[in-house]
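S.K.: my questions concern the predicted model and sequence given below.
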Amino acid sequence: MEKNTSRKDLSARVEELRRQYGSELVILAHHYQSDGIVQHVDFSGDSLELARRIPEISARHIVFCGVFFMAESACLLARQGQKVYLPDHSAGCRMANMARAKDVERILSFLADAGRKTVPLAYVNSSLAVKAVVGKFGGAVCTSSNAVSMMEWAMQRADTVLFLPDQNLGQNTAKRLGLSEKQQFVIDIAGTTLDCPQSRDARLLLWPGFCPTHAVNMLPSHVENIRKKHPGCRILVHPECTPDVVDMVDGAGSTAFLIKEAEKAAQDGKEKKLCIGTEYHLVNRLAKRFSGTLDVLPLVKATCPNMEKVTLPKLLDTLEGIADGKNIVTVEENLKAPARETLVRMLDHCRQAKRPRP
């Protein structure tokens, strides 16, 4: 691929390769990817939507446009013989890096030795190694779409739940379940606070991690500014925002929730403006989609630098290198079974929760 190739030529070549591979190739993208990527994918979605897609895919080649932990999850759920590719292997997750597997295992072992029946619940924004530890201790993963349901699942199985790595999602979910502040405790990663009275009495232990895009860049002052500039405008945010931001706005939910709310507002026609606090590529896409019908405003123009690492030239480079296994993602065999179990438990619970009761 030549360095000076135009975007139009890059797009044309991507589409040419998609036609050549036909049903043997599927391209997936997270909602936070840029428009230049999303226009070339077969499916886009949030973490839960994409996880559900994987077992249904029969194509031999799955190109995942997102960050590394998402591609790892795709590997865990892929069928035998399928290959998963990520256009940039350096596209990590700053939140996921805040929880190391050895620290998670050490803390869970301490709790077990202390006689506390603990179930770990890991946000899907976590490494394969962390998921393997969580699986080893009988836990599961969750997404922002099903955090409430999965936290209930975990609490039904243990005296204590360790939620990691996103403290904000954990606290916002706990509030929706009616847990008081006294029932929650934020641990330190060193584990020195695990034996204090507040920790021993807590039903929910929270890992001190966060998403910089949502927790650092989206502040109460931004909510106040929107209220002043656009009186009456409804404000919705992602639950990775801090609890003080969530408490100030009109609603919080996953990317799927935010998209559905925008769709409903545009269809109903009762609102002229809607402010959404999440990654800017998604908000901007919604603004263009509903232009003329609904004015979709960003709470702040905050993007995820790791999501932005997946670019159109890198996508094309991956497609051109499929025959050589370029950018293929592999997972360690000894971690695969326990890590996969965390995803299976989540998906099984979600399926059961959807079944009509007799």
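M.R.: Everything's here; your move.
S.K.: endpoint to endpoint, stretch 187-206 covers what distance?
M.R.: 6 Å (C-alpha to C-alpha, to the nearest Å).
S.K.: same question for stretch 20-34.
M.R.: Length of stretch 20-34, first residue to last, C-alpha to C-alpha: 24 Å.
S.K.: again with stretch 61-70
M.R.: With C-alpha to C-alpha as the measure, stretch 61-70 spans 15 Å from end to end.
S.K.: can you point out the buried residues in the worst-scoring helix or strand of the chain on mean pLDDT?
M.R.: Using mean pLDDT, DSSP states H and E, the weakest-scoring helix or strand in the chain turns out to be helix 47-53, at a mean of 87. For helix 47-53, burial by neighbour count (16 or more other C-beta atoms under 10 Å) applies to 47-51, 53. All C-beta spots, glycine's among them, are computed from the backbone N, C-alpha and C.
S.K.: equivalent analysis for stretch 243-262, please.
M.R.: 243, 245-246, 248-249, 252-259, 261-262.
S.K.: next: stretch 270-277.
M.R.: Buried residues in stretch 270-277, counted by 16+ other C-beta under 10 Å: 271, 273-277.
S.K.: need the residues that contact it.
M.R.: Stretch 270-277 is touched from outside by 214, 218, 222-223, 226, 230, 233-238, 241, 245, 249, 258, 261-262, 265, 282-283, 286, 294-300, with contacts defined as C-beta atoms under 8 Å, 6 or more residues apart in numbering.
S.K.: please apply the same query to stretch 330-345.
M.R.: By C-beta under 8 Å, 6+ apart, stretch 330-345 touches 51, 72-73, 75-77, 122, 128-129, 131-136, 139-141.
S.K.: that stretch: how far from the chain's middle?
M.R.: Relative to its chain's centre, stretch 330-345 lies at 18 Å (C-alpha atoms, centre = their mean, to the nearest Å).
S.K.: and stretch 214-234, by the same measure?
M.R.: How far stretch 214-234 lies from its chain's middle: 23 Å, per C-alpha atoms, centre = their mean.
S.K.: the chain should start at 433 in everything you say after this.
M.R.: I'll keep to 433 as the first residue from here, and by that count the last item is stretch 646-666.
S.K.: ok, and what's touching that stretch?
M.R.: By C-beta under 8 Å, 6+ apart, the surrounding residues in contact with stretch 646-666 are 600, 642, 667, 669-670, 672-674, 676-677, 680-683, 697, 703, 705-707, 709-710, 729, 731-732, 734.
S.K.: cool, and stretch 679-694?
M.R.: For stretch 679-694, the surrounding residues in contact (C-beta under 8 Å, 6+ apart) are 463-464, 477-478, 480-481, 575-577, 604, 652, 655-656, 666-671, 673, 678, 706, 708-711, 714, 718, 721-722, 726, 728.
S.K.: from the residues you listed, which land in helices?
M.R.: Those of the contacts of stretch 679-694 mapping onto helices are 480-481, 604, 652, 655-656, 678, 714, 718, 721, per DSSP state H.
S.K.: from the middle of its chain, how far away would the helix or strand hosting Ser581 be?
M.R.: Per DSSP states H and E, Ser581 falls inside helix 579-587. Centroid separation for helix 579-587 versus its chain: 16 Å, with C-alpha atoms, centre = their mean.
S.K.: and for stretch 689-701?
M.R.: Put simply, stretch 689-701 sits 21 Å off its chain's centre (C-alpha atoms, centre = their mean).
S.K.: any chance of the buried residues of stretch 702-709 in CSV, with distance to Arg451 and pLDDT too?
M.R.: Listed next are the buried residues of stretch 702-709 as CSV, based on distance: C-beta to C-beta, whole Å; pLDDT from 0 to 100:
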residue, distance to Arg451, pLDDT
Glu703, 41, 95
Lys705, 41, 97
Leu706, 37, 98
Cys707, 40, 98
Ile708, 35, 98
Gly709, 39, 98
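S.K.: now do the helix holding Ser581: which elements does it pack against?
M.R.: Here helix 579-587 touches strand 550-555, strand 572-574, strand 592-596, helix 599-608, helix 765-786, going by 3 or more C-beta pairs under 8 Å, 6 or more residues apart in numbering; DSSP states H and E.
S.K.: so for that helix, what gets flagged as buried?
M.R.: 579-580, 582-587.
S.K.: could you check the angle it makes with strand 592-596?
M.R.: 140 degrees (axes from the mean of the first three to the mean of the last three C-alpha atoms, to 10 degrees).
S.K.: averaged over its residues, what pLDDT does stretch 511-519 have?
M.R.: Per-residue pLDDT over stretch 511-519 has a mean of 95.
S.K.: identify all contacting residues around it.
M.R.: Residues outside stretch 511-519 that contact it (C-beta under 8 Å, 6+ apart) are 487, 489-498, 500, 503, 506-507, 510, 742-743, 746-747, 749-750, 754, 757-761.
S.K.: which of those residues fall in helices?
M.R.: In helices, defined here by DSSP H, the members of the contacts of stretch 511-519 are 500, 503, 506-507, 746-747, 749-750.
S.K.: filter those down to the buried ones.
M.R.: With burial judged by 16+ other C-beta under 10 Å, the buried subset of these is 500, 503, 506-507, 746-747, 749-750.
S.K.: what's the farthest-apart pair in those?
M.R.: Distance extremes for those: the farthest pair is Cys507 and Asp749 at 20.0 Å, using C-beta to C-beta.
S.K.: just give me the closest of the buried residues of helix 479-485 to Asn529.
M.R.: Among the buried residues of helix 479-485, Ser479 lies closest to Asn529 (C-beta to C-beta), at 16.9 Å.
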